[in-house]
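*Asks:* Mind looking at a prediction? Sequence and model below.
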Amino acid sequence: MLIFYLMIGMILFSFGDCYSYRKSKGMNYLTDRSRCESCGHVLKWFELLPLVSYLALRGKCRYCGRQISPRPFLSEVIGLVCGGIAYYKGFVALFILCNLYVLALMDQKTKSVPFVSCIPLLLICIIVSYMDLDLFSRLFGSLLISVPMSLLNVIKKDSFGWGDVILFLLLGYIYKIDIIYIALLALGIASLYALYLMGILKKTKEYEFAFIPFLFLGVLLYLLL
């Protein structure tokens, strides 16, 4: 059964990486074929096997011999880890992590998240409502972080993206009061990254970076702890 979860994790995250990449390039994620980013050659099915193909090809295109981006491979490795977590935490956790990972990739590339990409999380909110009818705790959790973030955005414009606020609203509904731990983990990692940017890379305080990748890490660590 563990192998099944690991495989599902790799497949979902591989598709999620493909979706975010094609979305950022204006491609159709359903009809467009996977190609080598260097020579444009359409890849065969056996060149798209999670983890195996990248390792067998030693990270190089079989046609032009140029280096393949490690992004899909890393996504599949992360999917493998998340599949292992889902074995203990259930499929709902896997779908939450996968959706957050896709949003994190999009946020990293475009610094924006379309609301339609949050629909899977909204559907999960509906599902958990039937699994646990503690509506008060869920509503309290959804407002616990999202409201202060909204107020901070009003006081200081663009402190957070509104996409971040929506995600905390949805995740708070799912995880209830435990959203505090997720927020602390995400903010803690983001703060360390900000210190790295200012101390090592000499970035200014006005430098903007995507927050959803840290939210994904916060949920991931919460599920591991």
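*Replies:* Ah, there it is. Numbering: from 1, shown residues only.
*Asks:* roughly how far out does the helix or strand hosting residue 167 sit from the chain middle?
*Replies:* Assigned by DSSP states H and E, residue 167 falls within helix 162-175. How far helix 162-175 lies from its chain's middle: 13 Å, per CA atoms, centre = their mean, to the nearest Å.
*Asks:* Over that helix, what's the mean pLDDT, rounded is fine.
*Replies:* Summarised as a single mean, pLDDT over helix 162-175 is 92.
*Asks:* residues making contact with the helix or strand following it?
*Replies:* Per DSSP H and E, the first helix or strand lying C-terminal to helix 162-175 is helix 179-199. With contact meaning CB atoms under 8 Å, 6 or more residues apart in numbering, helix 179-199 is reached by 141-142, 144-145, 168, 171-172, 175, 203-205, 207, 209, 211, 214-215, 217-219, 221-222. Just so you know, the C-beta spots here come from the backbone N, C-alpha and C atoms, and that holds for glycine as well.
*Asks:* can you do 7 Å?
*Replies:* Applying CB atoms under 7 Å, 6 or more residues apart in numbering, the contact partners of helix 179-199 are 141, 144-145, 168, 171-172, 175, 203, 207, 211, 214-215, 217-219, 221-222.
*Asks:* Those residues, buried ones only, as a PyMOL selection?
*Replies:* Buried members of these, defined by 16 or more other CB atoms under 10 Å, are picked up in PyMOL with:
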select buried, resi 141+144+145+168+171+172+175+211+214+215+217+218+219+222
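*Asks:* Could you list the domains of the chain?
*Replies:* 1-89, 112-225 (automatic domain parsing).
*Asks:* I'd like these as TSV, with distance to residue 103 appended.
*Replies:* Putting those into TSV (distance: least, CB to CB, whole Å) gives the following:
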stretch	distance to residue 103
domain 1-89	8
domain 112-225	5
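*Asks:* What is the neighbour count of the nearest residue in space to residue 170 that is not next to it in sequence?
*Replies:* Nearest residue to residue 170 in three dimensions, chain neighbours excluded: residue 121, at 4.5 Å (CB to CB, 6 or more residues apart in numbering). Using other CB atoms under 10 Å, residue 121 has 20 other residues around it.
*Asks:* Please determine how far the residue sitting nearest the centre point of the chain is located from residue 63.
*Replies:* Of all residues in the chain, the one closest to the mean position by CA atoms, centre = their mean is residue 101, 1.3 Å from it. The spacing between residue 101 and residue 63, counted by CB to CB, to the nearest Å, is 29 Å.
*Asks:* Kindly report the same for residue 6.
*Replies:* 30 Å.
*Asks:* Those two: who's more crowded?
*Replies:* The neighbour count for residue 6 versus residue 63, taken as other CB under 10 Å, is higher for residue 6 (19 against 14).
*Asks:* packing partners for the strand or helix carrying the more buried one?
*Replies:* Remark: residue 6 resides in helix 2-24, with elements defined by DSSP H and E. Counting contacts by 3 or more CB pairs under 7 Å, 6 or more residues apart in numbering; DSSP states H and E, helix 2-24 packs against helix 71-89, helix 91-110.
*Asks:* which one of those helices is the most hemmed in?
*Replies:* Among the helices and strands packed on helix 2-24, helix 91-110 has the highest mean neighbour count (mean count of other CB atoms under 10 Å), at a mean of 21.
*Asks:* And the following helix or strand past that one, what does it pack against?
*Replies:* Note on helix 91-110: by DSSP H and E, the next helix or strand toward the C-terminus is helix 119-131. Applying 3+ CB pairs under 7 Å, 6+ apart, we find helix 119-131 packed against helix 91-110, helix 162-175.
*Asks:* And stretch 169-189, what's buried?
*Replies:* Using 16+ other CB under 10 Å as the test for burial, stretch 169-189 gives 169-176, 179, 182-183, 185-187, 189.
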